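Asks: Okay, predicted coordinates and the sequence, questions at the end:
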Amino acid sequence: MTYGRPNGKYARMKIRPFWLDEIARLWKQKPIVWLSGVRRVGKTSLCNQISLIWASKPASAAPPS
């Protein structure tokens with residue numbers, strides 16, 4: 001999967017393709033994926049990237065609900 005740099009508010013966010021692919025893979029197996037880690041490592045930024053990516057795709061490409 002390829003990821004472009006988001007526009008606007010998140011334009012300076014560092015894109016993490018490895019983790020985005022890993023989350024997408026896990027989402028196909030289970031309906032919930034838990035992100036954990038120490039403070040200020042980018043968990044919220046990663047969630048924002050995921051929401052931007054799936055918002056720009058057709059409904060059939062969205063993660064399972």
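Replies: Looks like it arrived, so ask away. Numbers count the residues shown, from 1 in each chain.
Asks: What distance do you get for residue 25 to residue 38?
Replies: Residue 25 sits at a distance of 23 Å from residue 38 (criterion: Cβ to Cβ, to the nearest Å). Every C-beta, even on glycine, is put in place using the N, C-alpha and C of the backbone.
Asks: Same drill for the two, tell me which one is more crowded.
Replies: Ranked by neighbour count (other Cβ atoms under 10 Å), residue 25 and residue 38 place residue 25 first, with 11 against 6.
Asks: Now name the helix or strand holding that one.
Replies: Using DSSP states H and E, residue 25 falls within helix 17-29.
Asks: As CSV, could you dump the C-alpha coordinates of that helix?
Replies: Only the C-alpha atoms of helix 17-29 are listed here, as CSV (Å, rounded to 0.1, in the frame of the first residue of the first chain):
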residue,chain,number,x,y,z
PRO,A,17,4.0,2.9,6.3
PHE,A,18,5.3,-0.1,8.3
TRP,A,19,2.8,0.5,11.1
LEU,A,20,0.0,1.5,8.9
ASP,A,21,0.4,-1.7,6.9
GLU,A,22,0.6,-3.7,10.2
ILE,A,23,-2.5,-2.2,11.6
ALA,A,24,-4.4,-2.8,8.3
ARG,A,25,-3.3,-6.5,8.4
LEU,A,26,-4.4,-6.9,12.0
TRP,A,27,-7.7,-5.2,11.3
LYS,A,28,-8.5,-7.9,8.8
GLN,A,29,-8.1,-10.5,11.6
